[in-house]
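Student: here is my input; please provide its structure:
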Amino acid sequence: MKFKLTLALMSIFMLVGSYSYASFPVERQTVTTVNATTNVEETETVLSSPAAVDWSEDQTIAFVLWIIPITGFLAGHRWFLGSPWYWNLAFILTGGFFLVGWIIDGIDIITGRYPGL
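Tutor: Here you go, the predicted model:
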């Protein structure tokens, strides 16, 4: 019975996994450079993804402050990134906006969309 259940779960995982890779858009950019001395044209195709984020030092510190439970619920990441004091106080008094705001802040910090990054 365990073997059948394991086999069924593995087959479902493999079926779902085959449709989920590369689900984000990839932009192709062509860079052409011309060498003036030899008149040789070099073309290079660069693939870039909007999902890739340049990770900064402030983002790392904000992420660490967000992930640690004490500083995360005491709005340490929000104080560090310069959010208004009244929003930070509301964040503390409501327990991270009832955990929903805390999760949204984490997603915004990871993706680099949080104001102040």
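Student: pLDDT below threshold where in this protein?
Tutor: Residues of the chain meeting the criterion pLDDT under 70: 13, 15-29, 36, 46-54.
Student: tally of neighbours for residue 112?
Tutor: 12 (other Cβ atoms under 10 Å). Any C-beta I mention is one placed from the backbone N, CA and C, and that applies to glycine too.
Student: I meant to write residue 117 there.
Tutor: Neighbours of residue 117 (other Cβ under 10 Å): 15.
Student: wait, it touches residue 109, no?
Tutor: Yes: judged on Cβ atoms under 8 Å, residue 117 makes contact with residue 109 at a distance of 7.3 Å.
Student: find the residues that touch each one of those two.
Tutor: 59, 62 (Cβ atoms under 8 Å, 6 or more residues apart in numbering).
Student: where exactly do the helices run in this structure?
Tutor: Applying DSSP state H to the chain gives helices spanning 2-20, 57-67, 69-73, 76-81, 85-93, 95-98, 100-111.
Student: send the alpha carbons of the fourth one over as CSV?
Tutor: To tie it back to what came earlier, the one meant is helix 76-81. Listed next in CSV are the C-alpha coordinates belonging to helix 76-81 (Å, rounded to 0.1, in the frame of the first residue of the first chain):
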residue,chain,number,x,y,z
GLY,A,76,12.8,46.1,12.6
HIS,A,77,13.0,45.8,8.8
ARG,A,78,10.5,48.6,8.5
TRP,A,79,12.4,50.9,10.8
PHE,A,80,15.6,50.1,8.9
LEU,A,81,14.1,50.8,5.5
